[in-house]
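Peer 1: My questions concern the predicted model and sequence given below.
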Amino acid sequence: MQIRHRLNLLPIIGLATALATTPGSAATLFLDSWGISYGNWTPGGAAPAQVNWAVEDWTSGGGGYLNPGWGGDEYDAEAAYIAVDHDYLYLAVVTGFPISGRDFYSDHYDAGDLFLDLGSNGSYEYAIDVSAGGQLRSGALGLQNPMISGGSPWGGASDPLRVTSWTNSAAATAFSYGAWQGRYAIEAKVDRSLLAASDSYKLHWTMGCGNDVIETEIRPVPEPGSFLLLGAGVGAAALARRRRKAA
């Protein structure tokens, strides 16, 4: 069962400070500055005020049922993060599944792309293409689903895996994909001007065999400054109407 969390509206100050990267691991795009470490999944530090996350960490060792399939730590989608500020959308997945993929008998399974579902209605409008350095794909997305030996695994519960075609492409603002604290981290920081406006954004990720899947979503709340600007605009319009009536 996934544990879902959300932090909205008020900045978190002092919950956690940025932690040094474990020796031998590459620095992350933003997870380190958010104070995230393996087993300490709560964001703090420099994390945006609006951040949600899901944790589904297999900690028992060996194989185990990950939901929807079996696999244990080597196939575990451990945590996912989605956050927004005025300018950017932040996406991250931490997993025990390596960036190079895994071989099982004669099959090879790769890590999937980061998918965005606007409106959380089950359709995917954007994908961060992990095999192309984090390119942002959109427009009539063609999707590939996980499969095992050519067959669909786990009743399609992990769909989709990878984007295969699109009509629009724009570079993600920043992207990182590498080893981190004995696991692997996939991160993207996307300029919100590249995305259509929406009342919610849902992140989806899985791997080629579909053994595990992780999702989390966020419903952006206007920042206090936006409310002040809106109020100022409404007040100015009302004042102008009163002046016209008086004239």
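Peer 2: Perfect, I can see it now. Residues are numbered from 1 along each chain as shown.
Peer 1: give me the low-pLDDT residue ranges for the chain?
Peer 2: Residues of the chain meeting the criterion pLDDT under 70: 1-26, 224-247.
Peer 1: where exactly do the helices run in it?
Peer 2: 224-246 (DSSP state H).
Peer 1: distance of residue 82 from residue 93?
Peer 2: 10 Å (Cβ to Cβ, to the nearest Å). C-beta coordinates here come from the backbone N, C-alpha and C atoms, glycine included.
Peer 1: between those two, which one's more packed in?
Peer 2: residue 93 (28 against 25; other Cβ atoms under 10 Å).
Peer 1: hey, what's in contact with both of residue 82 and residue 93?
Peer 2: Shared contacts of residue 82 and residue 93 (Cβ atoms under 8 Å, 6 or more residues apart in numbering): residue 203.
Peer 1: Nearest to the middle of the protein, which residue? Look it up for me.
Peer 2: Compute the mean C-alpha point of the chain, and by Cα atoms, centre = their mean the closest residue is residue 91, 3.1 Å away.
Peer 1: Please name the bridge partners of that one.
Peer 2: residue 82, residue 188 (DSSP bridges).
Peer 1: quick one, what contacts it?
Peer 2: Per Cβ under 8 Å, 6+ apart, neighbours of residue 91: 81-82, 114, 116, 128, 187-190, 203.
Peer 1: can I assume residue 84 is in contact with residue 47?
Peer 2: No: using Cβ atoms under 8 Å, residue 84 makes no contact with residue 47, being 11.1 Å away.
Peer 1: Settle it for me: which of those two has more neighbours?
Peer 2: residue 47 (26 against 22).
Peer 1: What's the local residue count around residue 102?
Peer 2: 19.
Peer 1: Which residue is the nearest non-sequential neighbour of it?
Peer 2: residue 109 (5.4 Å; Cβ to Cβ, 6 or more residues apart in numbering).
Peer 1: Next, the contact list for that neighbour, please.
Peer 2: 101-103, 146, 207-209.
Peer 1: if we go to 10 Å?
Peer 2: Applying Cβ atoms under 10 Å, 6 or more residues apart in numbering to residue 109 gives the contacts 75, 97, 101-103, 146-148, 161, 207-211.
Peer 1: Let me know the closest of those to residue 121.
Peer 2: residue 161 (19.6 Å; Cβ to Cβ).
Peer 1: Tell me how far residue 114 lies from residue 220.
Peer 2: Residue 114 is 18 Å from residue 220, by Cβ to Cβ.
Peer 1: With that, I have no additional questions.
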